[in-house]
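[1] Structure of the sequence below:
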Amino acid sequence: MTTTRIMAAAALIIGMGWALCVVAAQHSGIRRTDLQRADLSVAGREVVQVRVDFGPGAAFGRHRHPGEEIAYVIEGRLEYQVEGRPPVTLEAGEVMFIPAGTVHAARNVGKGNGAELATYIVEKGQPLVTMVK
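    You can find the predicted model right below:
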């Protein structure tokens, strides 16, 4: 019984943290749309796919993920700043790989909407996004 309560409390805390991150992102001209989440054949890992829309000039600050990210630009021009690398600007149809735990940021440098399909291969039960100062 105690284990069940602890697990429920942990799930609630993680969910609230994710919700706060999503709310903060949406207020800054960014909209995240969860597309799918599924367990992988590797124990303790899952895949998460999210569409991220960036309004003109919108930026998502420095953050990291508990696993790898593959970012595919659907529309517009997005600039990615990955720690330890020079900034790179990608256009629709281009893709980049971001290693697990690597601090990075993204912003719309185009004139219209920008959007990416973000695919994460992450540790199950961990917060998907952790903001970094």
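
[2] How is the closest residue to Leu35 other than its chain neighbours assigned, secondary-structure-wise?
    Once flanking residues are discounted, Leu35 sits nearest to Gln49: 4.3 Å by Cβ to Cβ, 6 or more residues apart in numbering. The C-beta positions use only the backbone N, C-alpha and C, and glycine is treated the same way. Three-state call for Gln49 (DSSP: H, G, I helix; E, B strand; the rest coil): strand.

[3] Which helix or strand contains Arg31?
    strand 30-39 (DSSP states H and E).

[4] Same question for Glu68.
    Applying DSSP H and E, one finds Glu68 within strand 67-75.

[5] Which strands border that strand, and is each parallel or antiparallel?
    strand 95-98 (antiparallel), strand 114-123 (antiparallel) (DSSP bridges).

[6] Give me the contact list for the first one.
    In other words, strand 95-98. Residues outside strand 95-98 that contact it (Cβ atoms under 8 Å, 6 or more residues apart in numbering) are His65, Glu68, Glu69, Ile70, Ala71, Tyr72, Val73, Tyr80, Val82, Val88, Leu90, His104.

[7] from those, which would you call buried?
    Applying 16 or more other Cβ atoms under 10 Å to the contacts of strand 95-98, the neighbour count classes His65, Glu69, Ala71, Tyr72, Val73, Tyr80, Val82, Leu90, His104 as buried.

[8] Just name the closest of these to Leu117, please.
    Distances from Leu117 to the buried ones among the contacts of strand 95-98, taken as Cβ to Cβ, are shortest for Tyr72 (4.5 Å).

[9] got a list of what that closest one touches?
    Tyr72 touches Glu94, Val95, Glu116, Leu117, Ala118, Thr119, counting by Cβ under 8 Å, 6+ apart.

[10] Mark which of these are buried, thanks.
    Buried members of those, counted by 16+ other Cβ under 10 Å: Glu116, Ala118, Thr119.

[11] Just give me the closest of those residues to Gly44.
    Closest to Gly44, out of all of those and judged by Cβ to Cβ, is Thr119, at 17.8 Å.

[12] my guess is that closest one meets Val47, correct?
    Yes - between Thr119 and Val47 there is a contact at 6.6 Å, judged by Cβ atoms under 8 Å.
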